[in-house]
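Engineer: with the input below, show me the fold.
(one chain, ligands or ions: 1)
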Amino acid sequence: MAVAFPPKGLHGKTVLLTGASGTIGQAIARALAGEGANVIAHCNRAGTVDALCRELEGQGDRSFTLSGDFRSPGAASALFAGAVERCGCIDLLVNSASVFPENSLQGVTFADFQDTMAVNAWAPFVLGRALSRLSGPGAGGGKAIVNLLDTRIVGGDAAHAGYILSKHLLAAMTSMMAREFAPAIRVNAVAPGLMATDSAEDGGAAAEMAKNLPLRRSAHPREVADAVVYLLKSTSVTGQVLYVDGGRHLRESAPERFAAL
Ligand SMILES: NC(=O)c1ccc[n+]([C@@H]2O[C@H](COP(=O)([O-])OP(=O)(O)OC[C@H]3O[C@@H](n4cnc5c(N)ncnc54)[C@H](OP(=O)(O)O)[C@@H]3O)[C@@H](O)[C@H]2O)c1
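Structural biologist: Now for the predicted structure:
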């Protein structure tokens, strides 16, 4: 008996992308539009994503912008409702928005912790749950979520304690949602590392640090976007974390080789 494969690509799919104005967020938005998806591009501060949307529309792609500050209770639910009202249906969700405050375990305050958890973990969870409610338990497959983590969930980063904890929580949520939302929704994550930049503004510091990575190179935001697209399209993959980090997460297995990371 012939096996029926689902159609390839993201043509005609509607994607809600949070944090679309970010460095990686913009690369994801361009990659999604390049795959033929309709992109609902979220940002925090109204206007930060307008130029990107004009660029996508100029290429004949359909995109919409919505803003919302996830530190406010109810902002993520309101965003989802606004996106459904605008587009009628959401097929795919990419949770890329995040805050990256500097704080140590000794110094982190309740307010820091609350804001970081609200943006980096609670909002992705609320949006994912809203997608599952929209889909219903008996819905067919085809829907997918990708959460953006950070390679530092392996090994840590003492200077960004609240952030790392929020990404650990999001990793746990990815696994729990993958189990609970199957078969209607696949849930995966991408864990980026140090990003290569196109500009010389950082004085080559990023390139210098990349020399200590196992692969001797850091990833470009486009490579993170490619990983997101792969996971959105891969109909048999769920509950996975894909590290796009020049191999940085491997340092735990050979710390003496990668001590400088
Ligand atoms: N870039 C890296 O080197 C790197 C490395 C590892 C992991 N990551 C992860 O990859 C993802 C994408 O990174 P990125 O480089 O695109 O991040 P980014 O450049 O810092 O952008 C952050 C995004 O989140 C939005 N945002 C900030 N505060 C918010 C709030 N209170 N409520 C709602 N949205 C808010 C911002 O919107 P506005 O612009 O409107 O403020 C922006 O779109 C993040 O989850 C990040 O943790 C990034």
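Engineer: what about the strands in the stretch 51-200 of the chain?
Structural biologist: Applying DSSP state E, counting those that start in this stretch to the stretch 51-200 of the chain gives strands spanning 63-67, 92-95, 143-148, 185-192.
Engineer: what about Gln240, neighbour count?
Structural biologist: Counted by other CB atoms under 10 Å, the residues lying close to Gln240 total 16. Any C-beta I mention is one placed from the backbone N, CA and C, and that applies to glycine too.
Engineer: pull up the per-residue confidence for it.
Structural biologist: Looking at Gln240, its pLDDT reads 98.
Engineer: for Gly128, same thing?
Structural biologist: The model reports Gly128 with a pLDDT of 98.
Engineer: re the thing from before, tabulate the strands of the stretch 51-200 of the chain in JSON lines, adding columns for distance to the ligand, mean neighbour count and mean pLDDT.
Structural biologist: As requested, the strands of the stretch 51-200 of the chain are exported to JSON lines (distance: least, CB to the nearest ligand atom, whole Å; neighbours: other CB atoms under 10 Å; pLDDT from 0 to 100):
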{"stretch": "strand 63-67", "distance to the ligand": "7", "mean neighbour count": "20", "mean pLDDT": "93"}
{"stretch": "strand 92-95", "distance to the ligand": "7", "mean neighbour count": "28", "mean pLDDT": "98"}
{"stretch": "strand 143-148", "distance to the ligand": "4", "mean neighbour count": "26", "mean pLDDT": "98"}
{"stretch": "strand 185-192", "distance to the ligand": "4", "mean neighbour count": "26", "mean pLDDT": "98"}
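Engineer: let's have these in JSON lines, adding distance to Glu223.
Structural biologist: Below are those laid out as JSON lines (distance: least, CB to CB, whole Å):
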{"stretch": "strand 63-67", "distance to Glu223": "22"}
{"stretch": "strand 92-95", "distance to Glu223": "15"}
{"stretch": "strand 143-148", "distance to Glu223": "13"}
{"stretch": "strand 185-192", "distance to Glu223": "9"}
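Engineer: neighbours around whichever residue of the chain sits closest to the ligand, how many?
Structural biologist: In the chain, the residue that lies nearest the ligand is Gly22 (2.2 Å; CB to the nearest ligand atom). By the measure other CB under 10 Å, the count of residues near Gly22 is 21.
Engineer: could you do Gly36 as well?
Structural biologist: The burial count for Gly36: 13, using other CB under 10 Å.
Engineer: I'd say it and Val15 touch.
Structural biologist: No - between Gly36 and Val15 there is no contact under CB atoms under 8 Å: 10.6 Å.
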